[in-house]
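kindly generate the corresponding structure for this input.
(chains A, B, C and D)
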Protein chains: 2
Amino acid sequence: MSGDRATDPEEVGEEAVVGAVETSHEVVEALRDLGAATVTEVATETGLSKGGAYKHLNTLRKRDFVTKTGTEYRLGFGFLDLGGHLRFQYPGASTIKDKIQTLASETGEACLFTIEEHGRAVTLFRETGNRGVFTRTRVGTRLYLHQTAGGKAILSQLPEETVDDIVDRVGLPGATENTITDREALFDELARVRERGYAFNREESTDGLVALAAPLVPDDEILGACAVAGPRYRIGGDQLESELPETLLGVVNELELNIAYS
Amino acid sequence: MSGDRATDPEEVGEEAVVGAVETSHEVVEALRDLGAATVTEVATETGLSKGGAYKHLNTLRKRDFVTKTGTEYRLGFGFLDLGGHLRFQYPGASTIKDKIQTLASETGEACLFTIEEHGRAVTLFRETGNRGVFTRTRVGTRLYLHQTAGGKAILSQLPEETVDDIVDRVGLPGATENTITDREALFDELARVRERGYAFNREESTDGLVALAAPLVPDDEILGACAVAGPRYRIGGDQLESELPETLLGVVNELELNIAYS
DNA sequence: GGACCCGTTCACCAGCCGTGAACGTGCCGG
DNA sequence: CCGGCACGTTCACGGCTGGTGAACGGGTCC
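Now for the predicted structure:
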């Protein structure tokens, strides 16, 4: 029922596009950047006329994408509704969320479930244990696949040409001095991940942050990756090497069985 | 910095609207209902021509609101990104989320933070304890204020004319036989809530589900409500009457202090 | 191999988006 | 109390673009 989950490497056609919708998106972005704004502020920010900005804000308001309080406009929570709906449409979503939560309470650290979209990593679920929170990764943020443990776990399960396409499109930007920024090095790393069964992130996205992730492959098809992340000083040593992989792989295997037979 | 948080009872003007953006939203809704669809399916669902549907899908794709996999279109996670961003812009968001989480692990039940928007209740944060999950309330869903504990807690803090406006606009639809569907009865209930300091939901939205909520009012201004919800057979009796209110009020008071001085 | 089906492109015309100016209202200073 | 300003909202109009229907091309199933 849920079809093919592979990535789509096509470039988006610059033509065949509805201009008014694009300006609408620009209004949304302006509102996101400004936080709260009046009509004239939105107009100057987007370059629209006052009347035009008004029309757009009004249109967005009809669908709860924008809220008006007196004379102030801000983004509304219509986006949350759609996003939340979508999150639980993903195959096995509620099972995944449950397991991520138990993983979080067992390890005490921040645990994530991440998928690939448009060559980037998107976090669908995030639960934190009783220990202090560390990452600033939010549900929905788009990160680079090659900079994160979950991303590398996903990449390790994709055919080589797909990985090539993704690298062509989004590049390999660096974040810390540990980030893999070379294509060869990335492929080597992916081979190691494939062999080992899970991926590390040793301060490759943020200084002081390490993580561990395993791909979720219930049916010969990569669904995403489960990760445990925490500060290096807490889980850096033995835990990252031996204890955590065991618990992580246990949870992921269980998940795969649950999802495959349902 | 964050301005007025009161509700805005204005009706949205039917005119002064951008048509192309509305059809774009219709495409999104079609895609949400269909789950995954081809261009022609979207076209027939929305009544657009094939070419027109294509243009719209393409436009949405540029902003990650739509994903294309081979010949299949589905909603993308761009909405999640915006929604998540927004969630943490709300005043005191991360403090609130933390406290909701501790509340969940202390009580073991599902705990929510809910706000009011457009006369409806929107759940911003939801955390579940170690006991079985019960409600199907998702982050982002819009519920009726008068049907939920959190909603009634919020209403109890609003001026009477605002409550009147809201009731005029959204009505008092029933969900179970316990739902308050009469305006007089609602005002009586709100007076009791105000006096007591917290609100109950005794199977007023879903059979078998009870809840308890307290308004969060850090600065003379209602921010939202914190709620604990669970099945009647588990928390129905003494807990709901004495134990839970105490822990809930404790957490909310602490939250109010944290938010007021920050 | 041919007939269909579907996604994508293309040209075209009417309707609509966006503009700029006009209107009205609330607020501040005098 | 009053006048002026600034802002949201409305309005009429013109150029452009959104949406149409038909044509193209590639894939797949008989």
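
C-alpha from now on. contacts and neighbour counts both.
Will do.

so residue A:20 is in which element?
Residue A:20 belongs to helix A:19-34 when elements are defined using DSSP states H and E.

okay, buried residues for that helix please.
In terms of neighbour count (16 or more other Cα atoms under 10 Å in any protein chain shown), helix A:19-34 has its buried residues at A:20-32, A:34.

looking at these, which is nearest residue B:82?
Within those, the smallest distance to residue B:82 is 8.1 Å, found for residue A:32 (Cα to Cα).

contacts only, for that closest one.
Each residue near residue A:32 by Cα atoms under 8 Å, 6 or more residues apart in numbering or on different chains is listed here: A:74, A:75.

swap in 10 Å and give it another go.
A:26, A:74, A:75, B:82, B:85, B:86, B:89 (Cα atoms under 10 Å, 6 or more residues apart in numbering or on different chains).

from DNA strand D, how far off is the closest residue to the fourth one other than its chain neighbours?
Which is residue B:82. Computed as Cα to Cα, 6 or more residues apart in numbering or on different chains, the closest residue to residue B:82 that is not its neighbour in sequence is residue A:79, at 6.5 Å. According to Cα to the nearest atom of the strand, to the nearest Å, residue A:79 stands 21 Å off from DNA strand D.

and what of residue A:151?
29 Å.

just the helices in chain A please.
Ranges of helices in chain A, per DSSP state H, are A:19-34, A:39-46, A:50-62, A:78-87, A:93-107, A:149-155, A:160-170, A:183-196, A:232-235, A:238, A:244-260.

and which of the buried residues of helix A:19-34 is nearest to residue B:235?
Nearest to residue B:235 among the buried residues of helix A:19-34, with distances taken as Cα to Cα, is residue A:32, at 40.7 Å.

who are the neighbours in contact with residue A:153?
A:114, A:145-146, A:190, A:193-194, A:197-200, A:212-216, A:222, A:224-227.

I meant to write residue A:55 there.
A:24, A:39, A:49, A:61, B:13, B:15, B:16, B:17, B:18, B:19.

weakest of the helices of chain A by average pLDDT?
The minimum mean pLDDT among the helices of chain A belongs to helix A:238 (a mean of 74).

from the chain's centre, how far out does that one sit?
Computed by Cα atoms, centre = their mean, to the nearest Å, the separation of helix A:238 from the middle of its chain amounts to 28 Å.

my read: residue A:240 touches residue A:209, true?
No - between residue A:240 and residue A:209 there is no contact under Cα atoms under 10 Å: 11.8 Å.

shared neighbours of those two, anything?
Common neighbours of residue A:240 and residue A:209 (criterion: Cα under 10 Å, 6+ apart): A:202, A:229, A:230, A:232, A:234.

and the closest residue to residue A:125 other than its chain neighbours, what does it touch?
Nearest residue to residue A:125, sequence neighbours excluded (Cα to Cα, 6+ apart): residue A:113, at 5.1 Å. Residues near residue A:113 by Cα under 10 Å, 6+ apart: A:93, A:96-97, A:99-100, A:121-127, A:139, A:150, A:213-216, A:223-228.

just the ones in strands from those, please.
A:121-127, A:213-216, A:224-228 (DSSP state E).

hmm, which of those residues is lowest in pLDDT?
The minimum pLDDT among the ones in strands among the contacts of residue A:113 falls on residue A:127, with 90.

tell me what that residue is bridged to.
When bridges are taken as DSSP bridges, the partners of residue A:127 come out as residue A:111.

does it touch residue A:105 like I think?
Yes - at 8.7 Å, residue A:127 counts as touching residue A:105 under the criterion of Cα under 10 Å.

any shared contact partners between those two?
The contact lists of residue A:127 and residue A:105 share A:99, A:111, where a contact means Cα under 10 Å, 6+ apart.

next, count neighbours for residue A:226.
31 (other Cα atoms under 10 Å in any protein chain shown).

what about it, distance to residue A:200?
Using Cα to Cα, to the nearest Å, one obtains 12 Å as the distance from residue A:226 to residue A:200.

so what sits against both of those two?
Each of A:149, A:150, A:153, A:212, A:213, A:214 lies in contact with both residue A:226 and residue A:200 under the rule Cα under 10 Å, 6+ apart.

which of the residues you listed tops the neighbour count?
residue A:150 (35 neighbours).

show me what contacts that one?
Going by Cα under 10 Å, 6+ apart, residue A:150 touches A:112-116, A:121-123, A:144, A:156, A:198-201, A:211-216, A:224-228.

for it, give its distance to residue A:196.
Look at residue A:150 and residue A:196: by Cα to Cα, they are 14 Å apart.

cool, and residue A:226?
Plainly put, residue A:226 is 15 Å away from residue A:196 if you go by Cα to Cα.
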